Each structure stands twice: as structure tokens, then as C-alpha cells.
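Student: Fold the following.
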Amino acid sequence: MEQLSQKKKITIMIALMAAMFFAAINQTIVSTAMPRIIAMLGGIEHYSWVITIYMLTSTIATVLVGKLSDIYGRKPFLLFGIVIFMIGAFLSGTSTSIFQMITYRGIQGLGGGILMSATVTAVGDLFAPRERAKWTGIMMAIFGFSSVIGPTLGGFMVDHMDWEWIFWIFLPLGLVAFVMIMRMFPKTVRKTTEPIDYWGSLFLTLMIVALLLGFSWAGTKYDWGSFEIIGLMSLAAVFLVILLLIERKAKSPVLPLGMFKNSIVTVSNVIGFLMNAGMMGAMMYLPFFTQGVLGYSPTTSGFINMPMSVAMIVLSTLSGRWISKSGKYKRFAIAGMPFMVVGMLLMAFMTNVWMAVGAMVVFGIGLGISMPVFTLTVQNAVEPSQLGVATGTATLFRNMGGTIGIAVLGTVMNSTMAGKLKDALAAGEGPDLSKVDPEVAKEMGSFMNPQLLLNQPKLKELQQSLPTEVHELFNQTIDFIRNVLSDSLTVVFLFGMSLLIVALVAVFFLKEIPLRTSNNTKAATAPTDDKVKDLTKKEPAIQ
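Tutor: Purely as a prediction, here's the structure:
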């Protein structure tokens, strides 16, 4: 599609941006509202699963669609992704239990994975890597814009409306995006001679499911050393070995092993994995601080998150333009990652709303500078015919990093919180319940549950139901639980920061080659490190 006129490309980009915004806003709108929703449905111990299941299904869909869209074209998957996403969003709004919510979010994640993979790859079809950097920055800005209005709108809605409408309000936008893609996006010729790697797809899916279930259940549902967790990890290892054997002989592998001979692809994917593990895992627990520790409503929590998203929008747009202008990308990764590390460090020790806002702005700056880089590096280092599978593989690593990060940091938070609560009570730091009526003391003891902190209306209702003379003791109990939650979140953010530091170190091992100025320049591809060296010699650096 690179040969299309600029006017036609911009028309197609408008359709793609509508699809991207539809998927993004439906993800961000639930971020600040989800703690309250889970508190109302019950089952905070399954909170991370609501996020994990979305990431799990979207990860599987992303990598499979990447290869299939190389064969069948992007358009069918863009349309199919929108439909599945809308079905999942509608069903999520009908949930009456935490388990229904988990199931329906899984369906939504399937559609989201299909849609996001096909959208990002379609941008690669339209533009060569050097011009693509600018549009990638704009697409990241679209996601950032949804991060501005989504959390605030979600918080406002859960405070003032039935929470179901959080999932339903943007369904008409899905219809608009569907019509725009249907009418504007050109058809592509199917590669009828290329076979589908069914066995590779099966064992790749089994490996991902076993691996992510193992990380998700470890430390929460089962002990890390339990038979179930060891069994899942062992199954993942077995499925991985089988997958590698299949992919070595497959005519059209779903996961081409040759790509990983290129250090640019490998290092970029490792950085994407680590960055998302630290970023997504920790970011999901920011509402716990603003709502649970500081006691703000979901609406106010959304406003507190807004500066980070604004910083991300501005910097991602600018960095995309800077990359397109200079033809260089490594310097932006090196510049952005330290901001993310410092931002996460500030999050670990924030004690008030202004420190939280400052930490998020710093983090947003780093996120905006770094995010457009690593998909671009992968797409620039492979042949145009592998654009879909390369983009899908890059997204696979990022999603797996995010999913594992959420699961591991969820385990870190739960175990840390349980340990700190136990130690604090043993040291006599908790409220003194010995001087009140035994029945009241028993009821007050049941309040030592951080889940209560995420549902302010329920908290006020409980306080009003107690005798006036124990209100002060109730406040002491809540303050005690808030301190425990705050200390636990410090550990979570520090763990996330350590992952970002490793990602920063890996950036220095990322090779840089000139960004191609055409998708048809076969000489610019670099499936191996040897070809990377040849390319660097043959093609002069772009100033």
C-alpha cells in the first residue's frame, strides 16, 4: 500500500486512528473504576485476574493474527477485531460476579489483541520506517489521549452512574470505526500459496497459556513451590521445546526463528518485555495509592493520572517527528528510559497528591520518548513480507511482559501486605480493641481488609452504622490499614523500577541501522547480524 497517494494514505490513517482510539479508550476508561467495580462485585483477591485475562487473550490473538494477516491481509482482522471487542465490552457490562467479569474481559481482550495488532501493522504497510516513525508517534499520542480522558471519565461515571455504562458508552464508536474501515481500507491479495502453521499456532498458544497461568496463580492461588505451579511451568517448557522443533521445519512458521538471529529484533523484544513488566505491573496499582491510601474518589484519581498522559501525548508526538527527521532511534531510547526509572522511584516514596502528580509527569515524559522506538526498530530490521509476524512477535513480548509483571507484582503486593499486617499487629501497632465491647471489637477486626479502602461509599456506610463512641477507633483502624497498604505499594513500585533499570542497561546493547525510506528496499532488510553489518557499510547513515 506504500504506492497509494498521500491523500489516500491519510484517509486510511483516519480510519485506523478511529479503530485505535476505540480499543484504547475502552481499556483506559476502566483503570480508575475497576477497583470500585471489583469491590462491588466482591473478590479483590481476583483483582489481578481481571487485568491478566485481558492480557492473556490479547497476547495470544496478537501473535497469531500477526502471521495470518501477512497471508490474508489486514482488513478482515481489523473488522473481526472490532466485532469481537464490542461483544466483549457489552458482556462485561452485564457481569454480576467477578468470574463473569473475568470471562467477558477475556473475550474483550481477544478482540483487542486482534485489533491492536492489525492496526499497528497496517501503519507499517502504508509508510516506510523513516516516515512511519512520525505516524507511530501520532498513534501513541492517540493512546495517550485516551489515557487522559479515559481514567477521568471512568472515575466520574463510577461515582455518578451505574458502572455498567463504563463498558457500553463507547460501543457506538465501535460501529463508526467498523464502517470507516469497511469503506476506506483497501483490500489486499491473499497469498494463496503460503500454508498456515496450525501445529505451531497450537503449541505457541499452549505455551503462552501454561506460562501465564503459572505466573498468575503463583503466590496467590498456589504456593510458588506447589505441584500445580511447578507442573504449569514444566508444561510451558515442554510446549516451548515442541514449538521450537515444529518451527524449525515449518514452511511458513507462525514464529520464524530466523528473526531472532538478528540482535536488533532480539534486544528490542527483551527491552519491550522488561519495560512492560515494570510499567504495566506497577501502573495497575497506582489507583490503589490514590484511592486506597490517599482516599480520593475514582473521579479525582482520574484527574491525578491526567498529567502523566498529557506528558506522554506531547513527547510521543515530538519524538516520532524527531526520529523521522534524524533517521536515528537509539538516542531516544537512551534518553527516555532514565525518566521512567526516576518516575518509578518517585512513585515508591510518594506520600501526598503533589508527589504523585510529579512522579507521574516524569514517568510520562520517559514513556512518551521511549514507546515509539521499539516496534519501529523491529519493523525496520525485517523484510516487509514479515511485517505482520514481526510486529505480532514484538507485541507478544510486550504483552507477556505486562501480563507477567501484573501477576508477579500482584503476588508481591498481596504477600507483602499480608506480612506487614501480621508483623504490625504482632508488634502492637494496630488499634487497641481491648477496651471496647467484644462484639464491636469483632466487627472492627473484620474491617482490617484493604478492599474496604477502595470503596469509599461503603466505608462511610460502615462508619455510620457504628456507635458514635467508636468512630475514633474506626478512624484509627482505617489509618492503620492505609499505612500497611502504602508500605506494600512502595515494595511494588521498587520492584517495577528494578525491571526498568535492567531494560535501560539492555538499551545500550541495541544496534542502530539507518531507517529505510521505502518498504520495497530489500537491501535494507537485516535478518541476521551479518546483514546488519553489510547494511551499515552499504547504506550511508541518514543525518
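Student: what about the helices in the stretch 301-450 of the chain?
Tutor: For the stretch 301-450 of the chain, the helices defined by DSSP state H, counting those that start in this stretch cover 330-348, 353-380, 387-426, 438-445.
Student: Residue 507 is nearest to which of these?
Tutor: Residue 507 lies closest, by C-beta to C-beta, to one member of the helices of the stretch 301-450 of the chain: helix 330-348, at 4.8 Å. Any C-beta I mention is one placed from the backbone N, CA and C, and that applies to glycine too.
Student: The closest one packs against which elements?
Tutor: helix 263-283, helix 298-326, helix 353-380, helix 471-507 (3 or more C-beta pairs under 8 Å, 6 or more residues apart in numbering; DSSP states H and E).
Student: Ok, which of those comes nearest residue 172?
Tutor: Nearest to residue 172 among the helices and strands packed on helix 330-348 is helix 298-326 (21.9 Å), distances taken as C-beta to C-beta.
Student: Buried residues, that closest one. List them.
Tutor: The neighbour-count check on helix 298-326 (16 or more other C-beta atoms under 10 Å) flags 298-313, 315-320, 322-324 as buried.
Student: got the angle for that helix vs helix 330-348?
Tutor: 160 degrees (axes from the mean of the first three to the mean of the last three C-alpha atoms, to 10 degrees).
Student: packing partners for helix 298-326?
Tutor: helix 129-160, helix 286-287, helix 330-348, helix 353-380.
Student: As a markdown table, those with mean pLDDT and mean neighbour count would be great.
Tutor: Listed next are these as a markdown table, based on pLDDT from 0 to 100; neighbours: other C-beta atoms under 10 Å:
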| stretch | mean pLDDT | mean neighbour count |
| --- | --- | --- |
| helix 129-160 | 76 | 23 |
| helix 286-287 | 80 | 24 |
| helix 330-348 | 90 | 21 |
| helix 353-380 | 85 | 24 |
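Student: on that earlier part again, now render the helices and strands packed on helix 330-348 as JSON lines, adding distance to residue 82.
Tutor: Converted to JSON lines, the helices and strands packed on helix 330-348 look like this (distance: least, C-beta to C-beta, whole Å):
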{"stretch": "helix 263-283", "distance to residue 82": "23"}
{"stretch": "helix 298-326", "distance to residue 82": "24"}
{"stretch": "helix 353-380", "distance to residue 82": "21"}
{"stretch": "helix 471-507", "distance to residue 82": "32"}
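Student: Can you flag the weakest of those by average pLDDT?
Tutor: Comparing mean pLDDT across the helices and strands packed on helix 330-348, the weakest is helix 298-326, with a mean of 79.
Student: Looking at the helices and strands packed on helix 330-348, spot the one closest to residue 290.
Tutor: Nearest of the helices and strands packed on helix 330-348 (C-beta to C-beta): helix 298-326, 4.1 Å.
Student: starting at the chain centroid, how far to the closest one?
Tutor: Relative to its chain's centre, helix 298-326 lies at 16 Å (C-alpha atoms, centre = their mean, to the nearest Å).
Student: and if you look at stretch 502-514?
Tutor: Centroid displacement of stretch 502-514 relative to its chain, using C-alpha atoms, centre = their mean, is 22 Å.
Student: And it, what's buried?
Tutor: Result for stretch 502-514 [16+ other C-beta under 10 Å]: buried residues 503, 504, 506, 507, 510, 511, 512, 513, 514.
Student: surely residue 144 meets residue 368?
Tutor: Yes. In this structure residue 144 lies within contact range of residue 368 using C-beta atoms under 8 Å: 7.0 Å.
Student: which residues are common contacts for the two?
Tutor: 312, 313, 316 (C-beta atoms under 8 Å, 6 or more residues apart in numbering).
Student: can you pull the contacts of the closest residue in space to the second one that isn't next to it in sequence?
Tutor: In other words, residue 313. In space, and not counting its chain neighbours, residue 313 is closest to residue 144: 3.8 Å by C-beta to C-beta, 6 or more residues apart in numbering. Listed by C-beta under 8 Å, 6+ apart, the contact partners of residue 144 are 309, 310, 312, 313, 316, 368.
Student: try residue 463
Tutor: Counting by C-beta under 8 Å, 6+ apart, the residues that residue 463 touches are 471, 474.
Student: so how far is the host helix or strand of it from its chain's centroid?
Tutor: Using DSSP states H and E, residue 463 sits within helix 456-465. Remark: helix 456-465 is offset 33 Å from the chain centroid, using C-alpha atoms, centre = their mean.
Student: what do you get for stretch 12-25?
Tutor: On C-alpha atoms, centre = their mean, the centre of stretch 12-25 falls 17 Å from the chain's centre.
Student: In it, which residues are buried?
Tutor: 12-13, 15-25.
Student: Check stretch 168-181 too.
Tutor: 169, 170, 171, 173, 174, 177, 178, 180, 181.
Student: For residue 115, which residues are in contact?
Tutor: 19, 22, 23, 77, 78, 81, 82, 85.
Student: still on that earlier bit, so which of the helices of the stretch 301-450 of the chain is nearest residue 268?
Tutor: Closest approach to residue 268 among the helices of the stretch 301-450 of the chain is made by helix 353-380 (4.6 Å; C-beta to C-beta).
Student: can you give me the angle the closest one makes with helix 263-283?
Tutor: Going by the same axes, to 10 degrees, helix 353-380 makes 160 degrees with helix 263-283.
Student: which secondary structure elements does helix 353-380 contact?
Tutor: By 3+ C-beta pairs under 8 Å, 6+ apart, helix 353-380 packs against helix 129-160, helix 263-283, helix 298-326, helix 330-348, helix 387-426.
Student: and if we set it to 10 Å?
Tutor: helix 98-126, helix 129-160, helix 263-283, helix 286-287, helix 298-326, helix 330-348, helix 387-426, helix 471-507 (3 or more C-beta pairs under 10 Å, 6 or more residues apart in numbering; DSSP states H and E).
Student: shouldn't residue 152 be in contact with residue 305?
Tutor: Yes. Contact criterion C-beta atoms under 10 Å: residue 152 and residue 305 qualify, at 7.6 Å.
Student: Mind checking what secondary structure residue 196 has?
Tutor: coil (DSSP: H, G, I helix; E, B strand; the rest coil).
Student: Surely it is in contact with residue 67?
Tutor: Yes. In this structure, residue 196 is within contact of residue 67 by C-beta under 10 Å, at 8.2 Å.
Student: ok, residue 403 - contacts?
Tutor: Shown in contact with residue 403 (C-beta atoms under 10 Å, 6 or more residues apart in numbering): 48, 51-56, 58-59, 208, 211-212, 215-216, 276-277, 280-281.
Student: Check which helix or strand the nearest residue to it once chain neighbours are set aside maps to.
Tutor: Leaving aside its chain neighbours, residue 403 sits nearest to residue 55 (3.8 Å; criterion: C-beta to C-beta, 6+ apart). Element membership for residue 55, per DSSP H and E: helix 47-72.
Student: What mean pLDDT does that helix get?
Tutor: 77.
Student: and that helix with helix 387-426, angle?
Tutor: Angle of helix 47-72 versus helix 387-426, following the same axes, to 10 degrees, is 170 degrees.
Student: Could you list every helix and strand in contact with helix 47-72?
Tutor: Short answer (3+ C-beta pairs under 10 Å, 6+ apart): helix 47-72 packs on helix 6-28, helix 34-41, helix 75-92, helix 98-126, helix 198-217, helix 263-283, helix 387-426.
Student: pull the CA atoms of the third one into PDB?
Tutor: To tie it back to what came earlier, the one meant is helix 75-92. In PDB, the C-alpha atoms belonging to helix 75-92 read as follows (Å, rounded to 0.1, in the frame of the first residue of the first chain):
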ATOM      1  CA  LYS A  75      -8.700  -5.600   6.600                       C
ATOM      2  CA  PRO A  76     -10.500  -8.800   7.600                       C
ATOM      3  CA  PHE A  77      -8.800  -8.800  11.000                       C
ATOM      4  CA  LEU A  78      -9.500  -5.200  11.700                       C
ATOM      5  CA  LEU A  79     -13.200  -5.800  11.100                       C
ATOM      6  CA  PHE A  80     -13.300  -9.000  13.100                       C
ATOM      7  CA  GLY A  81     -11.300  -7.500  15.900                       C
ATOM      8  CA  ILE A  82     -13.800  -4.600  16.300                       C
ATOM      9  CA  VAL A  83     -16.800  -7.000  16.400                       C
ATOM     10  CA  ILE A  84     -15.300  -9.300  19.000                       C
ATOM     11  CA  PHE A  85     -14.200  -6.300  21.100                       C
ATOM     12  CA  MET A  86     -17.700  -4.900  21.000                       C
ATOM     13  CA  ILE A  87     -19.200  -8.200  22.100                       C
ATOM     14  CA  GLY A  88     -16.800  -8.500  25.000                       C
ATOM     15  CA  ALA A  89     -17.400  -4.900  26.100                       C
ATOM     16  CA  PHE A  90     -21.200  -5.400  26.100                       C
ATOM     17  CA  LEU A  91     -21.000  -8.600  28.000                       C
ATOM     18  CA  SER A  92     -18.600  -7.100  30.600                       C
END
